[in-house]
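S.K.: sequence first, predicted model second:
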Amino acid sequence: MKLLENGIIPVYESKTGQAVNARDLHEFLEVGRDFTTWIKDRIEKYGFTENEDFVIFPESGENPGRPKMKYILSLDTAKEIAMVENNERGSEARKYFISIEKKFKQLVKPKCIEDVLIESLQEMKNIRLALTETKQEVQAIRDTIIVCPEDWRKYCVDALRKIAFITGMSYEEVNRISYEAFDLKGYDLNARLKNRRETAESYGVSRTKINLMNKLDCIGEDKRLINTYVNVVKEMSVKYKAA
């Protein structure tokens, strides 16, 4: 728990609000009875509810066989226990808790209706903006969804060059990214290119022609691969706002 106030009795911030360690309260009140007997009596006598008015858990580092139990009280519960002690110490503790309560209520000021309306309008504006951007991305994909088979190479090269120009990356870097994205679809262009070159060599194709073979040649062998790669390039165009 986070310590909020370290006055006559430490006050902490818990998940449900301000809280007090019952042992700190017991020590301050100078009750004259042992802590366990005192706190159990107060809980039973005044009908406090566990996990609502207080929580109990073992002290860390204690003997696991007979651990010392820690009682954490809500600020309202601590205030009520202090009040029922009906002595000077109890009155002092109660007034202290009331001052802590007032202090933190002042720190958390409710928003006026104008502020709430302004925030709501801004949120709606952000949502509309996000929807507009999404629609533009969808339209960009639609605009480039159909690429004629004979034009796919030119389309991809031109699109990647545009991405390179917009982002400041080199064409080689953009090209590499496109191939990596393509391989993530379940393909291995390096292996395909190697197999293509080995097959060409077995048929006696010259070394010059073999060396000119590239990954686009491998993609062009299969219409399914062409469609997949074109989609990769389209996705990149949208991502880098080059569509």
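M.R.: Yes, it's here. For clarity, every value in this text was computed on a predicted model and none was experimentally measured. Residues are numbered from 1 along each chain as shown.
S.K.: off-centre distance for stretch 157-165?
M.R.: Offset of stretch 157-165 from its chain centre (Cα atoms, centre = their mean, to the nearest Å): 34 Å.
S.K.: what does it rub up against?
M.R.: Contact partners of stretch 157-165, identified using Cβ atoms under 8 Å, 6 or more residues apart in numbering, comprise 144, 169-171, 173-175, 178, 233-234, 236-237, 240, 242. Yep, even glycine has a C-beta here, placed from its N, CA and C like the rest.
S.K.: whichever of those residues end up buried, select them in PyMOL.
M.R.: Per 16 or more other Cβ atoms under 10 Å, the buried members of the contacts of stretch 157-165 correspond to this PyMOL selection:
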select buried, resi 144+169+174+175+178+233+234+236+237+240+242
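S.K.: low-confidence regions, the chain specifically.
M.R.: 60-66, 107-120, 132-150 (pLDDT under 70).
S.K.: relative to Tyr187, how far out is Leu212?
M.R.: According to Cβ to Cβ, to the nearest Å, Leu212 and Tyr187 sit 21 Å apart.
S.K.: compare the two (neighbour count), which wins?
M.R.: A count of neighbours by other Cβ atoms under 10 Å puts Tyr187 above the other of Leu212 and Tyr187, at 19 against 9.
S.K.: tell me the contacts of the residue nearest to that one when sequence neighbours are not counted?
M.R.: Spatial nearest neighbour of Tyr187, excluding adjacent residues (Cβ to Cβ, 6 or more residues apart in numbering): Leu225 at 6.9 Å. Residues in contact with Leu225 (Cβ under 8 Å, 6+ apart) are Tyr187, Cys218, Ile219.
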